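*Asks:* Turn this into a structure:
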Amino acid sequence: MVDFRIRIPNSPLSKDSHVIDGVVSRVDCHVKVLDDDVVERAIRAGLDVLVYAPHFTRLPEIRRRAAAYSSDELLVVPAREVFTGTWRTRKHVLAIGLDEPVPDFISLEAAMAEFDRQGATVLAPHPEFATVSLEESDLRQYRETIDAVEIFNPKHLPWHNGRASELADGLELPPFTSSYAHLPSSVGVAYTAFDREIETDADLQRALEGNVARRIVYDNGLCRLRTTASELAHLCYENTWEKVDRLFLSGTEPTHPHHIAYDGRFDDAAVY
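*Replies:* Prediction:
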């Protein structure tokens, strides 16, 4: 693993490697997969926390699975990566600490307003990556709502990570990283190490939102290249229009805004 950098939010960014004093909690801030193999890999990698946010899965089910796989060795925190906008113009936003479900395929404005209302911790994953991310203008517009920006993602090529760092630095927003694992083999290849003991969901929210020192740590070399290649191949598979058309545009899927579970609350914000 490479200790990429340490940063204390709202202070100048240092590229020197340091040891954070006190208790360090290692957090993989975004994974899509969760089973016995994933938990075993996470513990073997020395992780303390996984943030579990699978695609197109309602919050109660995410919570149930997170609780089932949490233990004294590994805390699994439920989260939602909400797909805002249409499929062709979608922008992903990661929310931790939601009290009530928020559907996909609503406007970015409506999603951010709902996160604000619920007091969720809001993260910007993979900024300006492909066609699925918040742009600089979005980060500026919602800077007071967004709590941290992802500055390293294994799916990224080097210039993507460089641009993400520029955005976080320019907006003076705290950084984070994750494995963004869609495949079990990717879990733990990148994590955020916090100078704070994290034992609950609320602990993680306070660490992400607060002035807590952190390190960005990731695999490098051939291992990193294998992860990037595998995850990008998976990205190509999951983002075919046929799959999305079959799964989500029927209007009856679990995270569609017109689903009965949302009781019509998001009908006006729906883009489909």
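*Asks:* show me where pLDDT drops low in the stretch 101-250 of the chain?
*Replies:* Flagging of the stretch 101-250 of the chain using pLDDT under 70 yields the residue ranges 220-250.
*Asks:* Helix or strand: which one has the spatially most central residue of the chain?
*Replies:* Nearest residue to the geometric centre of the chain (Cα atoms, centre = their mean): H30, 4.1 Å. Using DSSP states H and E, H30 maps to strand 25-31.
*Asks:* buried set for that strand?
*Replies:* For strand 25-31, the neighbour count (16 or more other Cβ atoms under 10 Å) marks S25, R26, V27, D28, C29, H30, V31 as buried. All C-beta spots, glycine's among them, are computed from the backbone N, C-alpha and C.
*Asks:* my guess is R80 meets L59, correct?
*Replies:* Yes. Proximity of R80 to L59 meets the contact threshold set by Cβ atoms under 8 Å, at 6.0 Å.
*Asks:* Neighbour count for these two, which is higher?
*Replies:* Remark: of R80 and L59, R80 carries more neighbours, 26 against 21, as counted by other Cβ atoms under 10 Å.
*Asks:* Per-residue pLDDT of the more buried one, please?
*Replies:* On pLDDT, R80 comes in at 98.
*Asks:* which residues touch the nearest residue to it once chain neighbours are set aside?
*Replies:* Closest residue in space to R80, ignoring its immediate chain neighbours: A95 at 5.2 Å, by Cβ to Cβ, 6 or more residues apart in numbering. If you count contacts by Cβ atoms under 8 Å, 6 or more residues apart in numbering, A95 has them with A79, R80, E81, V82, V102, F115, A120, T121, V122, L123.
*Asks:* quick one: which of the residues you listed is nearest to A66?
*Replies:* A79 (8.6 Å; Cβ to Cβ).
*Asks:* Which of the helices or strands spans the closest one?
*Replies:* Here A79 is assigned to strand 75-84, by DSSP H and E.
*Asks:* For the very next helix or strand once past that strand, C-alpha coordinates in CSV please.
*Replies:* Moving toward the C-terminus from strand 75-84, the next helix or strand (DSSP H and E) is strand 91-96. Written as CSV, here are the backbone C-alpha positions of strand 91-96 (Å, rounded to 0.1, in the frame of the first residue of the first chain):
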residue,chain,number,x,y,z
LYS,A,91,-24.8,12.4,-11.4
HIS,A,92,-23.9,10.2,-8.4
VAL,A,93,-24.1,11.5,-4.9
LEU,A,94,-23.2,9.3,-1.8
ALA,A,95,-25.3,9.9,1.4
ILE,A,96,-24.6,8.4,4.8
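*Asks:* Strand 91-96 vs strand 75-84, what angle?
*Replies:* Strand 91-96 and strand 75-84 are oriented at 150 degrees to each other (axes from the mean of the first three to the mean of the last three Cα atoms, to 10 degrees).
*Asks:* I'd like to know which elements the strand holding H30 is packed against.
*Replies:* In this structure, strand 25-31 packs against strand 49-52, strand 175-177, strand 190-194, helix 201-209, with contacts taken as 3 or more Cβ pairs under 8 Å, 6 or more residues apart in numbering; DSSP states H and E.
*Asks:* Could you dump the ones you listed into JSON lines and include mean neighbour count and distance to R65?
*Replies:* Shown next, in JSON lines, are the helices and strands packed on strand 25-31 (neighbours: other Cβ atoms under 10 Å; distance: least, Cβ to Cβ, whole Å):
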{"stretch": "strand 49-52", "mean neighbour count": "26", "distance to R65": "7"}
{"stretch": "strand 175-177", "mean neighbour count": "27", "distance to R65": "22"}
{"stretch": "strand 190-194", "mean neighbour count": "27", "distance to R65": "20"}
{"stretch": "helix 201-209", "mean neighbour count": "20", "distance to R65": "14"}
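*Asks:* any chance of the ones you listed in TSV, with distance to N161 too?
*Replies:* Output for those, formatted as TSV (distance: least, Cβ to Cβ, whole Å):
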stretch	distance to N161
strand 49-52	19
strand 175-177	9
strand 190-194	10
helix 201-209	19
